[in-house]
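Participant: Need a 3D model of the sequence below.
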Amino acid sequence: MSKRSLICLFAAAVLAAGVSPLGAADVFRAQMLTGKAPVEPPLIKIQIEIKEWTTPEEIRAFQKAYEEGGTEAFLSAFGRADKGVVRFMYSRGFNITVHAALTVPTEKGKKVLLFLNRQQWDPGYQKTMGRYLFMAIELKLNAKGKGEGRFYDDAQIRLDPGLGLIAVETYDSTPKLLPQVQEVIKKVEAQK
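Facilitator: Numbering: from 1, shown residues only. Have a look, this model is predicted:
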């Protein structure tokens, strides 16, 4: 490979690193405390890529599926919704589909709520699965897109079709802390 080709390849890689993943409308990067040191890494990086946000109409459709067909119908409708992905970025990396993604304005910024089907996100960890069916991520961001969050790997959720919201009702295990969260600002938006 020529020197010129290597320079072009390097430049393309640098540009690609600064751009959000293809198809993602919003990207968030965080560090999560695993609570598994010294056996596993105490801190891992995660990246959240949201393609589209859940609308109040979609939440009402989830509620209607539940009312007309019960839990199985709701779980089927919820499982078909694909709003993005959470990427656990470490040696045993794992990707989990986001089935509902909400953003709620707050006094000082916004809250991002993500809901996923519960699954074992760490294939090397031998913890028994909990009693609830979902996982949730809650990010609290300031006006500059920085903040903190929590990852609930065993959560019960509640639909509020009147307000068009989904919330964590309760959870079984202690949530993992995300002490550093940053919204990735796209280059085009940053130039405005």
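Participant: Strands of the protein, start to end?
Facilitator: Secondary structure of the chain by DSSP state E: the strands cover 26-33, 43-50, 84-89, 94-98, 100-105, 109-117, 134-142, 146-160, 165-171, 176-184.
Participant: Go through the ones you listed and name the closest to G70.
Facilitator: The closest of these to G70 is strand 146-160. By C-beta to C-beta, the value is 13.9 Å. Where C-beta positions appear, they are placed from N, C-alpha and C, glycine not excepted.
Participant: What residues sit buried inside that closest one?
Facilitator: Residues of strand 146-160 classed as buried: G147, E148, G149, R150, F151, Y152, D153, D154, A155, Q156, I157, L159 (neighbour count, 16 or more other C-beta atoms under 10 Å).
Participant: Pull the number of nearby residues for the closest residue to the last one other than its chain neighbours.
Facilitator: In space, and not counting its chain neighbours, L159 is closest to Q63: 5.1 Å by C-beta to C-beta, 6 or more residues apart in numbering. Per other C-beta atoms under 10 Å, the neighbour tally for Q63 reads 16.
Participant: what does K108 give?
Facilitator: As a burial measure, K108 scores 10 neighbours (other C-beta under 10 Å).
Participant: How about Q119?
Facilitator: Neighbours of Q119 under the rule other C-beta under 10 Å: 11.
Participant: show me the contacts for the nearest residue to it once chain neighbours are set aside.
Facilitator: Closest residue in space to Q119, ignoring its immediate chain neighbours: I96 at 6.4 Å, by C-beta to C-beta, 6+ apart. Listed by C-beta atoms under 8 Å, 6 or more residues apart in numbering, the contact set of I96 reads V85, V86, F88, L116, N117, Q119, W121, M135.
Participant: So in terms of bridging, what pairs with the last one?
Facilitator: On DSSP bridges, the residues paired with M135 through beta bridges are L116.
Participant: Would you confirm that it contacts Q120?
Facilitator: No. With contact taken as C-beta atoms under 8 Å, M135 and Q120 are classed as non-touching, separated by 10.3 Å.
Participant: Have a look at these two and say which one is more surrounded.
Facilitator: Neighbour totals were compared for M135 and Q120, and M135 leads with 25 against 14 (other C-beta under 10 Å).
Participant: Quick check: that one vs V98, distance?
Facilitator: To V98, M135 is 10 Å away according to C-beta to C-beta, to the nearest Å.
Participant: Overlap of the contact sets of the two?
Facilitator: Residues touching both M135 and V98 (C-beta under 8 Å, 6+ apart) are F115, L116.
Participant: so what does the lengthiest helix in the chain touch, helix or strand wise?
Facilitator: Across the chain, the longest stretch assigned as helix under DSSP state H is helix 56-80. Under the contact definition 3 or more C-beta pairs under 8 Å, 6 or more residues apart in numbering; DSSP states H and E, helix 56-80 sits against strand 100-105, strand 109-117, strand 146-160, strand 165-171.
Participant: Kindly reformat those strands as CSV and extend each row with distance to T71 and mean pLDDT.
Facilitator: Shown next, in CSV, are the helices and strands packed on helix 56-80 (distance: least, C-beta to C-beta, whole Å; pLDDT from 0 to 100):
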stretch, distance to T71, mean pLDDT
strand 100-105, 16, 96
strand 109-117, 13, 97
strand 146-160, 12, 95
strand 165-171, 15, 94
